[in-house]
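> Predicted model and sequence below, questions to follow.
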Amino acid sequence: MVVSLNESLLDERLAQLEKARPWTARLISKLESHIRSADDEGLYRINPFSFAKDKNAAEREVIDLFLHATACGLFRMDWTLFCPQCCCVVESLRSLRGVHNHYNCAFCQVAYETALDEYVAVAFTVEPDVRAIAFHQPGQLRAWDNFIKVGNTRDGVLPDGTLFRDAKEQLGKAIEYLPPGETTRIEVDVAEGLVMAASTEGKLGMLLTVSGPPASQPQVKRARYDGQATSFSTGELAPGKIVFEIENATSQRGIFVIALVPPGVDLGSIPLSFVPFLTGKRLLTTQTFRELFRAEVINGREGIGVRDIALLFTDLKESTALYDRIGDLNAFALVQQHFDRLQDVTVRNNGAIIKTIGDAVMAAFLTPADAVAAALAMRAEIADFNRGKQDRELILKVGVHSGAAIAVTLNDRLDYFGQTVNIAARVQGLAEADEIYLSADVHDAPGVSAVLGAFKTEGSVRTLKGVQDDLRLFRVPAPR
């Protein structure tokens, strides 16, 4: 294996990474060893969860590692959209800005609504000026490698653990480039089954049933690669030699894939699953990402859906009186210190601060259990903060709700919008001094009862302003 490595640049950027924050012993050296010795695929679209498992490291720290390494110029982020039906990488983007609220798998000809907590994955590829790999220039790869290794994710697996892209490769009969303005002739031999012949760009697709006695002569299928296909054409063939003659009537090179699916395999019900990967939701609830990549925004006014996000709001009771009592500068300093403590608690519980509003905080968490753990820890943290501060006590109020939301960019900042956000704010508004209010969606979520432990909750049905239906809420009273 020939490695094209810029030694001095690698050393320089690793030194920057070393200083970025305290790291667990040997974590940087493990990353350095990987950059130096991994093959090209090992440095292409690295799944940080898989890296953490392989290197016996903590997932949260590995996410931070790759984010800081990206900020230092060692890696770049790849925002990839997966097709859940075939594990194709439908799009691979350098920035969140390029992700839209709908996408279409041209190979399967199936459309999807984008959800940040489903098939939007963030991976990391080594920067070419640090180490050049073949995948930096996919157009120079063989068509076979371009489709299999660039056009598919390694994260899709079958029940027996086989990578689905490897299974697709085994089914492949031919994968060829279609030069612009030319007719490409491709010969394959096929047995009984279903021939799927399609372009990866969605300009041509055929599903051909193969059955019956073998053909005595080559069978010719002619097709034109031009406009966008909206469905697969169908037909029947006999086992034997098939000659595809594909006319590329465009000015762009295409990729044409021919695969033979064995009899009895239903393309619509393949038992495909995905190993854990870094979702867009997880990244947006990572404080390091929000601090290092403030320029990352969601394109235009679209917004991108999140199926389920836990939102926590806090506020300070009688903060106006605090400003009157100790003066603006002293009160402001206390409030800022309280923000720092709440952020520390948020990060420890798989969350991120979305914004501060006056004396209030809005935070997002991966799960309701994380959010409830943070709420309890925040209350304890502020109680500890108040010790010995007569006339300067801060009185915290917290509310938590979860549900679907829209991730948007507001005031040049990644934010959340929708009724779930409105309800979370209203739930917090019910809390009095040192109280925590939880919606039923949060209270009944997996893992929450274990987090609450010995804390008693009191349920009631309440009417919230701007919410049509009454909601069942649970109060966690102030400690006595």
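Here it is on my side, so go on.

> mind listing what's buried in the top helix by length along the chain?
Criterion DSSP state H: the longest helix present in the chain is helix 328-348. For helix 328-348, a neighbour-count test (16 or more other C-beta atoms under 10 Å) marks 331, 334-335, 338-339, 341-343, 345-347 as buried. (Glycine included, C-beta is placed from N, CA and C.)

> from those residues, which two are the most distant?
The span of the buried residues of helix 328-348, defined through C-beta to C-beta, is set by 331 and 347 at 25.0 Å.

> isn't there a helix covering residue 398?
No: looking at residue 398 with DSSP: H, G, I helix; E, B strand; the rest coil, it is strand, so not inside a helix.

> Would you confirm that it contacts residue 311?
No: contact criterion C-beta atoms under 8 Å: residue 398 and residue 311 do not qualify, at 11.4 Å.

> shared neighbours, those two?
Counting by C-beta atoms under 8 Å, 6 or more residues apart in numbering, residue 398 and residue 311 have no shared contacts at all.

> Beta-bridge partners for residue 120, please?
For residue 120, the beta-bridge partners are residue 81 (DSSP bridges).

> Please disregard the earlier target; I meant residue 242.
On the basis of DSSP bridges, residue 242 is bridged to residue 188, residue 219.

> Could you count how many residues lie near it?
By other C-beta atoms under 10 Å, the residues close to residue 242 number 24.

> Would you enumerate the residues in contact with it?
For residue 242, the contact set (C-beta under 8 Å, 6+ apart) comprises 187-190, 195, 208, 218-221.

> Could you do residue 135 as well?
Each residue near residue 135 by C-beta under 8 Å, 6+ apart is listed here: 40-41, 44, 125, 141, 149-150.

> Return the distance of it relative to residue 35.
According to C-beta to C-beta, to the nearest Å, residue 135 and residue 35 sit 15 Å apart.

> swap in residue 441?
Distance, residue 441 to residue 35, using C-beta to C-beta: 44 Å.

> The two: who's more crowded?
Under the criterion of other C-beta under 10 Å, the comparison of residue 441 against residue 35 puts residue 35 first, with 22 against 19.

> check contacts around the more buried one.
Going by C-beta under 8 Å, 6+ apart, residue 35 touches 5, 10, 43, 74, 126, 130-131.

> Now it. Its backbone dihedrals?
Note on residue 35: its backbone torsions stand at phi -60, psi -40 [degrees, to the nearest 10].

> on that earlier part again, and the longest helix of the chain, C-alpha only, in CSV?
Coordinates of each C-alpha in helix 328-348 appear next as CSV, following Å, rounded to 0.1, in the frame of the first residue of the first chain:
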residue,chain,number,x,y,z
ASP,A,328,-27.3,45.0,37.6
LEU,A,329,-23.6,44.1,37.4
ASN,A,330,-23.7,41.6,40.3
ALA,A,331,-26.9,40.0,39.1
PHE,A,332,-25.7,39.7,35.6
ALA,A,333,-22.5,38.0,36.8
LEU,A,334,-24.6,35.5,38.9
VAL,A,335,-26.8,34.8,35.9
GLN,A,336,-23.8,34.1,33.7
GLN,A,337,-22.3,31.7,36.2
HIS,A,338,-25.7,29.9,36.4
PHE,A,339,-25.6,29.6,32.6
ASP,A,340,-22.2,28.0,32.8
ARG,A,341,-23.3,25.5,35.4
LEU,A,342,-26.5,24.6,33.5
GLN,A,343,-24.4,24.1,30.3
ASP,A,344,-22.0,21.7,32.1
VAL,A,345,-25.0,19.7,33.3
THR,A,346,-26.5,19.7,29.8
VAL,A,347,-23.4,18.4,28.2
ARG,A,348,-23.0,15.6,30.8
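
> If you count contacts, what does it end up packed against?
The contact analysis (3 or more C-beta pairs under 8 Å, 6 or more residues apart in numbering; DSSP states H and E) places helix 328-348 against helix 287-292, strand 304-316, helix 319-326, strand 351-357, strand 360-365, helix 368-386.

> Mean pLDDT, distance to residue 269 and mean neighbour count added to the ones you listed, as a markdown table?
Formatted as a markdown table, the helices and strands packed on helix 328-348 follow (pLDDT from 0 to 100; distance: least, C-beta to C-beta, whole Å; neighbours: other C-beta atoms under 10 Å):
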| stretch | mean pLDDT | distance to residue 269 | mean neighbour count |
| --- | --- | --- | --- |
| helix 287-292 | 96 | 36 | 18 |
| strand 304-316 | 96 | 22 | 24 |
| helix 319-326 | 75 | 57 | 14 |
| strand 351-357 | 95 | 37 | 18 |
| strand 360-365 | 96 | 34 | 24 |
| helix 368-386 | 95 | 32 | 21 |
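
> what's the closest of these to residue 469?
Of all the helices and strands packed on helix 328-348, it is strand 304-316 that lies closest to residue 469, at 18.6 Å by C-beta to C-beta.

> From the chain's centre, how far out is the closest one? Work that out for me.
In terms of C-alpha atoms, centre = their mean, to the nearest Å, the centre of strand 304-316 is found 17 Å from the chain centre.

> One more: stretch 145-161?
Using C-alpha atoms, centre = their mean, the offset of stretch 145-161 from its chain centre is 17 Å.

> May I have the predicted confidence score for the residue nearest the centre of the chain?
In the chain, the centroid-proximal residue (C-alpha atoms, centre = their mean) is residue 279; its distance is 1.9 Å. Predicted confidence (pLDDT) for residue 279: 97.

> Start the count at 46 instead of 1 going forward.
Done: numbering now begins at 46, and the last item shifts to residue 324.

> hey, what's it bridged with?
Taking DSSP bridges as the rule, residue 324 bridges to residue 166.

> so it makes contact with residue 163?
Yes: with contact defined as C-beta under 8 Å, residue 324 counts as touching residue 163 (7.2 Å).

> Excluding covalently adjacent residues, which one is nearest to residue 470?
residue 358 (5.3 Å; C-beta to C-beta, 6 or more residues apart in numbering).

> cool, residue 518 as well?
The spatially closest residue to residue 518, leaving aside those adjacent along the chain, is residue 507, at 5.2 Å (C-beta to C-beta, 6+ apart).

> Kindly report the same for residue 276.
Once flanking residues are discounted, residue 276 sits nearest to residue 154: 6.3 Å by C-beta to C-beta, 6+ apart.

> Contacts only, for that neighbour.
Here residue 154 is in contact with 247, 250, 274-277 (criterion: C-beta under 8 Å, 6+ apart).
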